[in-house]
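Colleague: here are the coordinates; sequence isn't available:
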């Protein structure tokens, strides 16, 4: 039985996809939200570190699974090896309803206004395709607010002089600091920094029919046992489903977007829950499968007018993939300071973001989410023996005596850091797999080293008796902050979509996930992806009222 | 049979004989005792125990052997780490042969400091490689090391961390004791921008 | 004619053999039958060292015929699975199977059952999940099952009750849950747990009996997240604080079990969430000093200490606390002298 035609197919029920589905469904379009994963609950995974989305030696608890999915990664010697989702080289991002927003740490950052016009601010960066966004912070501001209110963000900008301008306050008060935060706050003030609470997509008070956070220790990498963490799966997706206009189809792997000979998308091909190939026709397609998977899907959707993949005649689909060059430092303290109050990450400083002379970009510095035992077993000063008595002693002594301060350094987009599809290897369903290659820009390492110094200084001021840094390397696979592969731009020669996420080359295919980001800010990208979901979704709904994409 | 009817005696004989036959076969069928281990064998477990005990030694808290780390590894070899099965079998065999070549004794029989010295050499790659075909000694050691850390510090549902010993050692409050929200005045949760001490 | 006889006799042989074999199976030692396969040998070892060591498997777990068609189907399924390639590592007993076993706990432990049934822990699923006052105050979520419904194995809270909001009206998605106990015996008791019953002491010097008793307990929390048991002796004594000072918490290991569910917030602050750790005049006293472990009743508990320990020679049962009157502002767990004597505690009463 053929599937009924719908107005819009939204591929990927994650941060962007969930929001777009809701915007379109409430505007009256018939929507199919199609997702490769399924629903997950806290109850299914508990607080098991080894199958969390944070440390995943056994498997990625929230998908993708090892049985159906693999990629090719560079072996460092010019060849490729097969890697699975629980390998670091795979670069996983959760694959379930809500995707990363089920298990993320839920930091809710707005990018800085400068992040939208880095090229104008800093000039062209040699070796980077850095460009301005085709929209400004001010244009996106109302959509940031929409995301903050509809999903629920707690924050307090009072003590952050560098806060991006906002018309309205945060809907919920910020979280109090745990003992780490209190120690770091005092030290930061002594250093002349401006510490403030991290805004979070997490209820500090009951909001939107969901309870407040109970402050447990396992947050990032796990679903929430009381549903206090906001994700698209417990906010916008249920709203979309309630309109009656949206159908959610889970366990369905989209293999191709069907593009006809006139260069128009007609629908999608996908493998249903029984692994049978199906077709679904629609008037428009929105791709929100995460930067690597969105690029993969477009590259695999070849047609007569687009032999290199849908919208890829200029060769920019899959290019410029970014993540964040995480940097930071650890400090050991003389006294026990662990108080088991989650989520752990609570305090941040913006002083090193766009504010360092002769430095391009930067990033926020925050304390880290609570480190669990297995995770902590690999946190040691370099040169330490990673086994034996010394290792065990360190674990015992310092588990409750250490603080970690880290930050996401804003990467400079590099054309050759990219996603391709492998010419030979296919996944379980016969779809060519992702192959990520390329190296970071030198600027990322330079800024990373500088920020690590600042983090170390902060920890020393806080009273750390021993500190060590952890700086980013040149080659790492973009993973849970992946972005940049289908970037927005006004110039169709150096971008994939226009300012509304619409492919330059194909009018009725839109992108609504991290792929759109020209650069990825010095912050965790979730809130920006959500805001762009409202921006793109709202625009499609407007367009629909006029032309119906005909 | 020549007689047409079935005599009572024959009937009883058939009944008892048949019953006995079924019972005997029933008993013998379940005689095969299945090994306690899923993939690894008893001697491999013995060697693995010695290695994990080196990686996480006993001090005032039990070490890898007591904490069932070998059980964790064996359990994963049957499930998530099924692709590592050959690596373990080959690696453990090669390791034992190499040690015997170096020390004329099995690894398990060496005194503790000598075992440590051997593992240090293996980690550093300073190991005669003649028995190692596809895998490097250093790579093999690192794999066991990582798996041991998972088995000792990870959740006991995966077969290791017996009686939550590592959480106990670290003083981690387990099970995590947090009550419901509803009776609270939630003011203690909130950040006070005007106070140097936020929270409590 | 002959053929029919042989066929009938053959069938009879089969039936008799099966019955004989089955009763032999049930009567034989578990090490030769169930536990000859490795996956449950650990449970059998624990049982062998437990207080129930002299009770055969089938006394608690029943046989194929003990629950009629239901158990026949269940045991049949087990045989079927054993023929297939199944070597499951994590064999677990289902919630329904547990409740079947619970019927047999009740057969011997009648007093404990009667007490449990008379208390709050006898609540069933509909009393837990359909309580309007409770649901309006806090939305239903996964973590609810940690304390009541911990054995529910057909999904999670979304499969039990709908809607999952605080508006209601609520109804159970599965009607069979309605009368099912949400906190059965096994929530606090791990039957397959090594531990001897109290041994007979040396009665040579009766006066010294108390000193030779070993304080131990076999209470165990069933922790839903790991689907494992936590003997209370492995649980750390909780550290509760109140207004920047540490609250003295009794060392009674059994109390740690209570505190797993009646717990404070993430900051371990006394008086928050479900915490009832005594402060004030009762600080340092175990929950179980006043509350019976199965019925949780504290009705006649004051007499354990009072009036022998009393500073005011008043009948403590009639003082203005929540023990006497539900609406009192002095919660019996937290009441202290200064709640009434606002100007400070007076000198010890000289009332006769």
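Modeller: Right, received. Where do you want to start? The shown structure was predicted, so the numbers you read here are calculated from the model rather than taken from an experiment.
Colleague: and the stretch 1-150 of chain A, which of its residues are near chain B?
Modeller: Contacts of the stretch 1-150 of chain A with chain B, taken as CB under 8 Å from any CB of the partner chain, map to A:46, A:47, A:48, A:49, A:50, A:57, A:58, A:59, A:66, A:86. Heads up, the C-betas are built off the backbone N, CA and C, glycines and all.
Colleague: for the second one, what are its contacts?
Modeller: By that I understand residue A:47. Going by CB atoms under 8 Å, 6 or more residues apart in numbering or on different chains, residue A:47 touches A:216, A:217, A:218, A:222, B:155, B:176, C:225.
Colleague: let's see that with 7 Å instead.
Modeller: Going by CB atoms under 7 Å, 6 or more residues apart in numbering or on different chains, residue A:47 touches A:218, A:222, C:225.
Colleague: do the first one as well
Modeller: When contacts are counted by CB under 7 Å, 6+ apart, residue A:46 is found next to C:225, C:226.
Colleague: related to what we said a few turns ago, of the residues of the stretch 1-150 of chain A next to chain B, which belong to strands?
Modeller: The members of the residues of the stretch 1-150 of chain A next to chain B all map outside strands under DSSP state E.
Colleague: Throw those residues into CSV and include pLDDT and distance to residue C:92, thanks.
Modeller: As requested, the residues of the stretch 1-150 of chain A next to chain B are exported to CSV (pLDDT from 0 to 100; distance: CB to CB, whole Å):
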residue, pLDDT, distance to residue C:92
A:46, 88, 14
A:47, 88, 19
A:48, 93, 16
A:49, 93, 21
A:50, 96, 19
A:57, 95, 24
A:58, 95, 19
A:59, 94, 20
A:66, 94, 24
A:86, 93, 25
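Colleague: narrow these to those in helices?
Modeller: Within these, no residue falls in helices by DSSP state H.
Colleague: now for those: which two are most distant?
Modeller: Greatest spatial distance among the residues of the stretch 1-150 of chain A next to chain B (CB to CB): A:47 and A:66, at 21.6 Å.
Colleague: mind listing what residue 178 touches?
Modeller: With no chain named, the answer covers chain A. Residue A:178 neighbours (CB under 7 Å, 6+ apart): A:339, A:341, A:344, A:346, B:199.
Colleague: ah, I was thinking of chain C
Modeller: Contacts of residue C:178 (CB under 7 Å, 6+ apart): C:124, C:125, C:126, C:172.
Colleague: again, 6 Å this time
Modeller: Residues in contact with residue C:178 (CB atoms under 6 Å, 6 or more residues apart in numbering or on different chains) are residue C:126.
Colleague: do you know how far it is from residue C:124?
Modeller: The span separating residue C:178 from residue C:124 equals 7 Å under the rule CB to CB, to the nearest Å.
Colleague: do the same with residue C:221
Modeller: For residue C:221 relative to residue C:124 (CB to CB), the value is 20 Å.
Colleague: who has more neighbours, these two?
Modeller: Set residue C:221 next to residue C:124 and count neighbours by other CB atoms under 10 Å in any protein chain shown: residue C:221 wins out with 26 against 17.
Colleague: where does residue A:10 sit: helix, strand or coil?
Modeller: strand (DSSP: H, G, I helix; E, B strand; the rest coil).
Colleague: quick one: it and residue A:18 touch, right?
Modeller: No: the pair residue A:10 and residue A:18 fails to qualify as a contact (CB atoms under 6 Å) at a distance of 8.3 Å.
Colleague: near chain C, which residues of chain A?
Modeller: A:41, A:42, A:43, A:46, A:47, A:209, A:211, A:215, A:225, A:226, A:227, A:341 (CB under 6 Å from any CB of the partner chain).
Colleague: just the residues you listed: which are in helices?
Modeller: Reading helices off those with DSSP H, I get A:42, A:43.
Colleague: possible to save the residues of chain A next to chain C as CSV with distance to residue A:368?
Modeller: CSV is the format used below for the residues of chain A next to chain C (distance: CB to CB, whole Å):
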residue, distance to residue A:368
A:41, 26
A:42, 21
A:43, 26
A:46, 22
A:47, 17
A:209, 31
A:211, 25
A:215, 16
A:225, 21
A:226, 22
A:227, 24
A:341, 14
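Colleague: what residue in chain B comes nearest to chain C?
Modeller: Nearest to chain C in chain B, going by CB to the nearest CB, is residue B:179, at a distance of 2.7 Å.
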